[in-house]
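Visitor: Turn this into a model:
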Amino acid sequence: MSDVEEAITRAHHDEWARVIAALTRRFGDLDIAEEAAAEAFATAVERWRADGVPPNPGAWLTTTANRKAIDRIRRENKRDDKHKEAQMVYDDPPEPVGAIDDDRLRLIFTCCHPALGIQARVALTLRMVGGLTVPEIARAFLVQETALERRITRAKAKIKAARIPYRVPSAEDLPARVTGVLAVLYLVFNEGYLATGPGTDSVRHDLTAEAIRLTRLIRALMPDDGEVAGLLALMLLTEARRTARVSASGELVALDEQDRGAWDTALIAEGHHLVRERLAAAAAGVAPGRYQILAAINAVHTSARDVRDTDWSQVLALYDQLVRLDPSPIIALNRAIAAAELDGPQVALAAIDRLEDKLAGYHAYHATRADLLRRLGHSQQSRAAYDKAIELAGNTAETAYLTRRRGQLR
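Guide: Have a look, this model is predicted:
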């Protein structure tokens, strides 16, 4: 990657949210903000290669994006007060930051407006702030790209129709918005931990690190919120295994094959402390939420020195608790994986076969089914399931792993 390409990538990570926030404040229109920001970054690709990286990339992008937005408004004959306001690129007084000092986190809370449905909130914020592409978000939601596009379009239309203001949230606004914010950060983290896009790095540390950073900030803002602590613990315990997740040859390494000595013990200790803190709260009568239970499951895995020491009965009990809170097919699939360790692959296979109509387009469903069929000695059926999983997998490291496992069939 050239110096210019690195500068553009870094600028996209550092400046995208700030540019979107500035444009949305000035124009009050998410469509204009997104399109103008995208045009500014596209222009940067061309101009910076020819002229070099400017001394202040952020200011260059903000100025260019404002000009793009003004041009669009002129083309559409929308010469109103907002247009005049937009021309004062650097003369605006500083915006109030409310309860949140961080630009990106403030924008995420702002976009997660409770007037929108939770899925619309999350999808819109992932696109506008998280920097994820429509295909990446669609894979996270297990929906078609066209359906995801319509969801985002409807969310923007509702903002316009209901005249929902772009307003910096106050401390009183945070509890009503935090559920959507946590969902956004969880999906951003997952995309970084195992990227789904073809041609991308298998693990995107920039995304996982940013998700953890922002969750730490929310933890400081809302120290008594159990789900915030649970999500932070979940991220830390997952991130602790990152260096052991992909081999030197670029192949995914499954949990049971990972070098546990390579795990980050400091992150594990911090994650375990948060889990114990939430367990104490549960003992006092505070029911745990989804992220807290997922963190507890990860704590069981990271407590075992060897995969053979894993307390699968505890893992299964936690999944039973989680299913009552979140009866989604993904949770049911993960529960079946744990059940296979206690009840055998035949019982687990019967459980996941009942999920086919809901998970037919999900590569992990077919990968799990292939492994269970392999363990039962059904090589031909297992190979067909591996073929389907490889066809659907978007990550090169995961494709390499599945291809090797398929090759080991008799």
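Visitor: Domain map for the protein?
Guide: As recorded under automatic domain parsing, the domains making up the chain are 3-80+86-197, 332-410.
Visitor: got these as CSV, with distance to E270 and mean neighbour count columns?
Guide: Quick note: C-beta positions are derived from backbone N, CA and C, even for glycine. Shown next, in CSV, are those (distance: least, Cβ to Cβ, whole Å; neighbours: other Cβ atoms under 10 Å):
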stretch, distance to E270, mean neighbour count
domain 3-80+86-197, 16, 18
domain 332-410, 24, 18
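Visitor: now I390, nearest residue through space, not along the chain?
Guide: Spatial nearest neighbour of I390, chain neighbours left out: L402 (5.0 Å); criterion: Cβ to Cβ, 6 or more residues apart in numbering.
Visitor: first to last residue in stretch 244-259, what's the distance?
Guide: For stretch 244-259, the first-to-last residue distance is 6 Å (Cα to Cα, to the nearest Å).
Visitor: Distance of R106 relative to R18?
Guide: To R18, R106 is 10 Å away according to Cβ to Cβ, to the nearest Å.
Visitor: Which is the succeeding secondary structure element to the worst-scoring helix or strand of the chain on mean pLDDT?
Guide: Least confident element among the helices and strands of the chain, by mean pLDDT, DSSP states H and E: helix 81-86 (a mean of 46). Using DSSP states H and E, the helix or strand that follows helix 81-86 in sequence is helix 103-111.
Visitor: Check which helices and strands that following helix is in contact with.
Guide: Secondary-structure packing of helix 103-111 (3 or more Cβ pairs under 8 Å, 6 or more residues apart in numbering; DSSP states H and E): helix 3-27, helix 118-128, helix 174-193, helix 205-221.
Visitor: what packs against the last one?
Guide: If contacts are counted by 3+ Cβ pairs under 8 Å, 6+ apart, helix 205-221 sits against helix 103-111, helix 174-193, helix 226-239.
Visitor: That one relative to helix 226-239, how many degrees between them?
Guide: Here the directions of helix 205-221 and helix 226-239 differ by 150 degrees (axes from the mean of the first three to the mean of the last three Cα atoms, to 10 degrees).
Visitor: tell me the mean pLDDT over helix 205-221?
Guide: For helix 205-221, mean pLDDT is 90.
Visitor: Let me see the residues that make contact with that helix.
Guide: Residues outside helix 205-221 that contact it (Cβ atoms under 8 Å, 6 or more residues apart in numbering) are 13, 99-100, 102, 104-105, 108, 171, 174, 178, 181-182, 185-186, 188-189, 191-193, 195, 225, 228-229, 231-232, 235-236, 239, 242.
Visitor: Identify each buried residue in that helix, please.
Guide: The neighbour-count check on helix 205-221 (16 or more other Cβ atoms under 10 Å) flags L207, T208, E210, A211, I212, L214, T215, L217, I218, R219, L221 as buried.
Visitor: Make CSV out of the residues you listed and add distance to T62.
Guide: As requested, these are exported to CSV (distance: Cβ to Cβ, whole Å):
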residue, distance to T62
L207, 23
T208, 27
E210, 20
A211, 25
I212, 27
L214, 22
T215, 27
L217, 23
I218, 26
R219, 30
L221, 27
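Visitor: closest to L349 among these?
Guide: Closest approach between the buried residues of helix 205-221 and L349, by Cβ to Cβ: T208, at 32.4 Å.
Visitor: how far away is that closest one from R245?
Guide: According to Cβ to Cβ, T208 stands 11 Å off from R245.
Visitor: Quickly list what's touching both of these two.
Guide: When Cβ under 8 Å, 6+ apart defines a contact, the residues bordering T208 and R245 alike are Y193.
Visitor: just to revisit the earlier point, so which of the helices and strands packed on helix 205-221 gets nearest I352?
Guide: Closest of the helices and strands packed on helix 205-221 to I352 is helix 174-193, at 20.5 Å (criterion: Cβ to Cβ).
Visitor: thinking again about what came up before, can the helices and strands packed on helix 205-221 go into CSV with extra columns for mean pLDDT and distance to R26?
Guide: Converted to CSV, the helices and strands packed on helix 205-221 look like this (pLDDT from 0 to 100; distance: least, Cβ to Cβ, whole Å):
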stretch, mean pLDDT, distance to R26
helix 103-111, 75, 14
helix 174-193, 88, 23
helix 226-239, 96, 31
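Visitor: Could you dump those into JSON lines with distance to T64 added?
Guide: Shown next, in JSON lines, are the helices and strands packed on helix 205-221 (distance: least, Cβ to Cβ, whole Å):
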{"stretch": "helix 103-111", "distance to T64": "18"}
{"stretch": "helix 174-193", "distance to T64": "26"}
{"stretch": "helix 226-239", "distance to T64": "34"}
